[in-house]
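In: Sequence and computational prediction follow.
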Amino acid sequence: MLLDARGLRCPMPLLKLKQALHALPPGGSLTVLTTDAGSKRDFGAFLRQAGHTLVSLEEGESEFRFEIRKYGPDPG
């Protein structure tokens with residue numbers, strides 16, 4: 001699943017992330033694109049607290065790409 005949150009400012013990327021994770025089955029994967037630098041801090045804190053896994057984070061010049069796995073078994 002892909003969530004394009006580019007151009008959104010805090011707190012919207014985090015709210016969109018929470019909505020997307022709610023709709024995702026346990027063990028599912030989500031890719032999030034954002035341009036808000038605060039997302040690094042916000043996403044990291046939220047994912048740790050909620051028990052989800054940040055699989056990877058790629059930083060471009062003006063864009064961030066998060067690969068996230070929702071807590072639970074791999075649906076696989």
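Out: Thanks, I have the structure now. Just so it is clear, the model here is predicted, and its values are computed rather than measured.

In: Next, work out how far apart residue 21 and residue 68 are.
Out: Look at residue 21 and residue 68: by CB to CB, to the nearest Å, they are 7 Å apart. (Glycine included, C-beta is placed from N, CA and C.)

In: joint contacts of those two?
Out: Residues touching both residue 21 and residue 68 by CB atoms under 8 Å, 6 or more residues apart in numbering: 30, 52.

In: Quick one: the strands in the protein, in order.
Out: Secondary structure of the chain (DSSP state E): strands located at 2-5, 29-34, 53-59, 64-69.

In: Would you reformat these as a markdown table and include distance to residue 11, mean neighbour count and mean pLDDT?
Out: Formatted as a markdown table, those follow (distance: least, CB to CB, whole Å; neighbours: other CB atoms under 10 Å; pLDDT from 0 to 100):
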| stretch | distance to residue 11 | mean neighbour count | mean pLDDT |
| --- | --- | --- | --- |
| strand 2-5 | 11 | 15 | 98 |
| strand 29-34 | 12 | 20 | 98 |
| strand 53-59 | 18 | 12 | 97 |
| strand 64-69 | 16 | 18 | 98 |
